Structures are given as structure tokens and as C-alpha cells.
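Student: pasted the sequence and its predicted model underneath.
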Amino acid sequence: MRSRSPRTRWCSPVRRSAAPEAESRGAAGRSLARVSTPSPSSECNPLLALLAEGLVGSTSGIRLSKVSLAFRNQQVLQDVSWEVKKGERVGLVGVNGAGKTTQLQIIMGNITPDAGELARAKNNMKIAYLKQEFDVVPTRTVREEFQSVFREANKANVRLAQIEELLQDEEVQQDMDRMGALLDELDKEQRKLETLDSSLMDSKIDKMMPELGFRPDDNEKLVASYSGGWQMRMMLGKLLLQEPDLLLLDEPTNHIDLETIEWLEGYLKEQEIPMVIVSHDREFLDQLCTKIVETERGVSTTYQGNYTAYLRQKSERTAQQLSAYQKQQKEINKLRDMVRKLSGGAQSGRAAQAEKQIQRMQDEGLIEKPFEFKSRRFLFPVTEDRCGQEVVEVQNLTHGYPGRGNLFEDVSFVIQRGERVAIMGPNGAGKSTMLRLVRGVEKPTSGVARFGPHNIVPNFFEQNQAEALDMDLTVIETLVRAAPDAPLNEIKGLLGQMMFSGTGMEKKVSVLSGGEKARLAMAKFMLTPATLLILDEPTNHLDIPTKEMLESALKNFDGAVIAVSHDRYFLRQIATRVLTVEGGEIEDFEGDYEYFLEKDDEAAEKEVQRAKARKEVEKSNIKAKSKMSKAEKAMLKKQKAREFNK
């Protein structure tokens, strides 16, 4: 291959199709992205982005250098530089609106930045993108869904079948000209199939399906009969069947159960393909990532290791920068004090020397005070009277649906004031059904599910809470109507904590991104006085700072909490008791999430494996660091220095 500079110009300008700050626009699920590319060959396979030529300093991956982008006079990105290579899994982190999904769109060529460079390891790089909306056809069989990625091969096969049928027609056989044309077309389609390597299509699918957990008898089952977690496996398989050079994943764990998340972690770890992951699932980032890239106020910073390592390193860097800043400010104040005291007197020469020293420090670039993201704190409003000790009672409960059998059989438990109960189990096990039974939305087949006898004031947060918002109201009108007795300053303060600025409070709900709607729905929930909080997957679409605020508020809540969630990090923070739902039974673990891991044999074994995997990630990072080239070490050193002078 002809040698080139590591940095290349951007590919041909591509129409900017969406607002960069719309980080989480879209509803539940995820899909294969149909991306536009400069190459006309993308029409043959819309799932893969064939990017313009370019090289990075390795045989795989991409590198962004000093990328900047403004949208509607707002600087979204201003100094973004990072890279991903074979075997690396990069986690992009930052608050909603920081520009994470925008960076994915830039990599695919869907958005053209204002400045900066993107280098690619090879010509016609294939980029696969797993995004948040579903893109499967429910009426297809599983086999047909996998075959759909070989679109051109499928078209050729269909046309071959049509030609072969026509060649059997007596009228056609009498028309030699038409016969000749059909035979020519038959030859053309057969040669096309050879070019597309269609003979390997079925063998690739046969190899991929068991890796994804599918059995041979799943081939002819309809896609519609599978849960969202299994449909996600189909979509991931469709991407990997095309052997992409880079895999981008945008919130892949939303709306799938814990079992599927753990499968996904294990499966992705076995892939060598470079990956870029946007996720607010802190445990997922901990398990998978070998590198974290944080985007803060438009500037990116790279941290080696997983999410926990990133938190540790960031804390250390911030402390070092603050110490250096304070030391420099002390020196500057000392010099300025000297100038003030000695100017105009016999020692004016020393004053002039001090002024020059200050000027020299300014010319070299003063150390900035490190940016500290204000921790958001909120307390749920309380009712005038406390609730009684017994908050929820379930006795001898049996419930199910026609044709599906019973979800629960003779189940009993009591939830008391002060408990924060996590309800866990696979999708379809009946977690949300149990919440509906407790709320009285559904009546059990037999037995009892009810609130306690004294002052139980429930407040519910459901999975589709954001979808239930009134699109015609503004942000602040939504909260004023939800809590008419709440002081306006308190409402504005909560919106500020949820990252809605003065002008943002006047936005119509209809124009908000998915992440903004989720934060607004959470704010509406948090303003309602209650003695019992019932939350169904509350962390979907919430960014990490908002999750942390919710965790803190729940831990300080005086009543009882019931939460259904697949977010392990969230459950570690809030749960004081765990109920697992599976196979018609509920198992009660009267301790926190760590206690559940200790007592549940299967969960304990998985936790041992996850801990082992985390150590392997740390070891690989140490090993990778020791094998860095001089150029890479110089780049890392330069980046650390920039932390003190940016």
C-alpha cells in the first residue's frame, strides 16, 4: 500500500442531517443504521459506511484530531482528539448533550465538522452502527432476518429463480431471442453471486447463530416471537456477518434484561474488532472498556482502563491540577503584592522584575482552575404524616394470563417502611406485572396484593413516562402543572439540576431530545410528595450525573422504595433488599445487592467472572502501555501537560 501521512483531509462534505445535540432522540430499542457515504457502493449495503481513504498509525481503527463543531451558534465540540485500534473498546462518556452521539455521526460521515481531521486505517473502511431504534421485520423468520444483510445476493437469488422458472415456460422456449436474453441474464446473475461470495452466506449464518445463542430449531420461528433482548442479538449478528472494520454501539443495554446484558458483555469481549461505545451503564463500561474518552465542555480527554479506572485517574488529575493552580496563584499574588509595595520607591527595579515575571507566566499560559461539575442534590418531598411500618403486603398471590400459564404461584412477602427493594429477573418473568398488581391496576387470580393500612401515598415512575408528557407544554409548564403547590424557585432549582437553563425551561416538550424528555419526566416524578416510590426501569436514558442524583435522593427517602431495574451499578447503590422473579417463584434476599451476589450461587459465579475480567482489562492496559511507541508515549505526555494549561 502506498505510504501516506497519518493525517488526511475530511471526506467529501455530507449533508448535516440532524442537530448534534440531539443525543438520545428516539425511543426504545436499537437498530442497524442506514448510513449515507460518499461511495455509491453504499447503495448496495446501507448498513455499512464506506468511508473515504486515509491511514492512521496502525493497521486498524480511526483517529480524530482537533475536531470542532458548532451548531446554531453553540460550540458542541471544540478540541476532540482520540483514537481506537484493533482490540480496543473505547467508551465515550459525558453528560447528555456533550456530543457523544455527534462524534459517532462524524465517524460515519453523516455530519461534517467545522475543523479537524479524521484518519482511517485503510481505504473503504466498513463501519457498522448499532443504534437505539429497532430495525427488524417481525414477519420474517429468524433465518430470513439474518439473510437480509446479504441484500444483493438475495436479489440475485430471487432473480435466478424467476429466470429458471421462465426458461421452463413453453412460450418462452419458442422465442429464441427471449431465450437468449434470459440465458445472458442468467449468466450475469450467476457471476454476480460468485462476486458476492454467496456460497458462504449460509455457512456464515450457520456459524453465527449458535454464537448468538440460537438453536437450529430457531431458524423458522418468527422474529415477532422473540423478546427485545433476542432481537438485539439478531441485529448485532447482522452487523458482524458483514465483517466490519469498526463497530459503533449507541446505548446497547437500554431495554434488555440483565441476562442479555451479561451475554452481550461476554460476546463483545471475544471480538477483536475496534469498538466505540456510548453508554450510561457504568457496570457495562466497567466490564468492557479498555479506554474511556470523556467529552466535557467540548474538549475530549482520554483515560486508559475501564470506567472505575477513569474515575480514579480523573480524580487524581483534578487534584494535581488544582494543586498546581493554587501554587501558581499563590506565586502570582506574591509577585503582585511585591509590585504594589515596591513600585515608585527605591526598589522599583525589583517591582519591574516581578511584573516581567508575571508577564512571562501569562505568555507561557496560566494554569486554569480545574472544572468541577457541581454535584446535584435533591430530596423527595414528604407528606405531612409518615406512613405506617407495613407499606406493601402480598399474601398467597397467584396470577397469570390465558395461554401463558401462571407468572406467580402462592407468593407472599411484606415490604416495610425504610426498605429499598430491588425486583430482578429476566424479561417476561413478571416484574412489571407484580408492580401493576401492587398498584391495583390488575387484580390477581387469587390471593392478595395491597398497600399497607396507614398513609400509603404512592408515586409511580414507569418505563414510558417520558412518552406520556404533554408535547404542547413547555418544560416549566410541565412541572408547574404537576406540582401547583410547589414554590416556583424550587421548581426552577430542580430544572437547573436537571440541566435545563433559563431558556431551556421555555422549550416545548416536543422539541426535546430523548435524554431531555427522560430528565424532565424524572423531575416531574421527583416533585410529587409520596411515602412509597415505585420505579420501573428508571435509569433508561438518564445520564450518569442524573443517575447519581436519583441514587442520592432515594437513599435519603424516608418511606419505602420498590425498583425494577437491570442497571447493576444503580442497584448496588440503592438496594437494601432483593426479590428475584423467575419460573413462577419469588426468592427473597434480605440484604443489599452485594448480599444477593454472595447468596445466589449463579449470580456469585458471574460476579467472580466479572471481577476476573476487570483484572484482565487492567493487566492488558498495563501491558499495552509498556508496548507504546515513542510517538504514542509523547502524545500521552503532551495530553497530560495540556491538562494543566488548557
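Tutor: Structure received.

Student: and the host helix or strand of S412, how far out from the chain middle?
Tutor: Taking DSSP states H and E as the definition, S412 sits inside strand 405-416. Centroid displacement of strand 405-416 relative to its chain, using Cα atoms, centre = their mean, to the nearest Å, is 33 Å.

Student: how is this structure divided into domains?
Tutor: Residue ranges for the domains of the chain, per automatic domain parsing: 142-218, 390-601.

Student: point out the most buried one among the ones you listed.
Tutor: Highest mean neighbour count of the domains of the chain: domain 390-601, a mean of 18 (counted as mean count of other Cβ atoms under 10 Å). (Glycine included, C-beta is placed from N, CA and C.)

Student: start and end of that one, how far apart?
Tutor: 30 Å (Cα to Cα, to the nearest Å).

Student: tell me how far it lies from the chain's centre.
Tutor: 21 Å.

Student: include mean pLDDT and distance to K100 when you put the domains of the chain into JSON lines, please.
Tutor: What follows is the domains of the chain, written out as JSON lines (pLDDT from 0 to 100; distance: least, Cβ to Cβ, whole Å):
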{"stretch": "domain 142-218", "mean pLDDT": "83", "distance to K100": "26"}
{"stretch": "domain 390-601", "mean pLDDT": "90", "distance to K100": "10"}
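
Student: in CSV, list these along with distance to S68.
Tutor: As requested, those are arranged in CSV below (distance: least, Cβ to Cβ, whole Å):
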stretch, distance to S68
domain 142-218, 35
domain 390-601, 21
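
Student: mind listing what the strand holding S412 pairs with, with the direction of each?
Tutor: The pairing partners recorded for strand 405-416 under DSSP bridges are strand 390-401 (antiparallel).

Student: run through who's touching the partner strand.
Tutor: For strand 390-401, contacts defined as Cβ atoms under 8 Å, 6 or more residues apart in numbering pick out 406-417, 419, 430, 433, 437-438, 442, 444-453, 456, 531-532, 559-560, 562.

Student: and if we set it to 6 Å?
Tutor: Strand 390-401 has contacts (Cβ atoms under 6 Å, 6 or more residues apart in numbering) with 406-415, 417, 438, 444-450, 452, 532, 560.

Student: for stretch 415-422, same thing?
Tutor: By Cβ under 6 Å, 6+ apart, stretch 415-422 touches 387, 389, 391-392, 560-563, 571, 574-578.

Student: try stretch 551-567
Tutor: With Cβ under 6 Å, 6+ apart as the criterion, stretch 551-567 contacts 257-258, 378-380, 387, 391, 415, 417, 419-423, 431, 531-537, 539, 571, 573-574.

Student: among the residues you listed, which are located in helices?
Tutor: Assigned to helices by DSSP state H, the following of those qualify: L258, K431, L571, Q573, I574.

Student: make TSV from those and add distance to A523 to it.
Tutor: Supplementary listing: these in TSV, determined by distance: Cβ to Cβ, whole Å:
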residue	distance to A523
L258	27
K431	25
L571	22
Q573	20
I574	18
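
Student: out of those, the closest to M209 would be?
Tutor: Taking Cβ to Cβ as the measure, M209 sits nearest to L258 out of these, at 22.8 Å.

Student: can you tell me which residues contact that closest one?
Tutor: Per Cβ under 6 Å, 6+ apart, neighbours of L258: H566.
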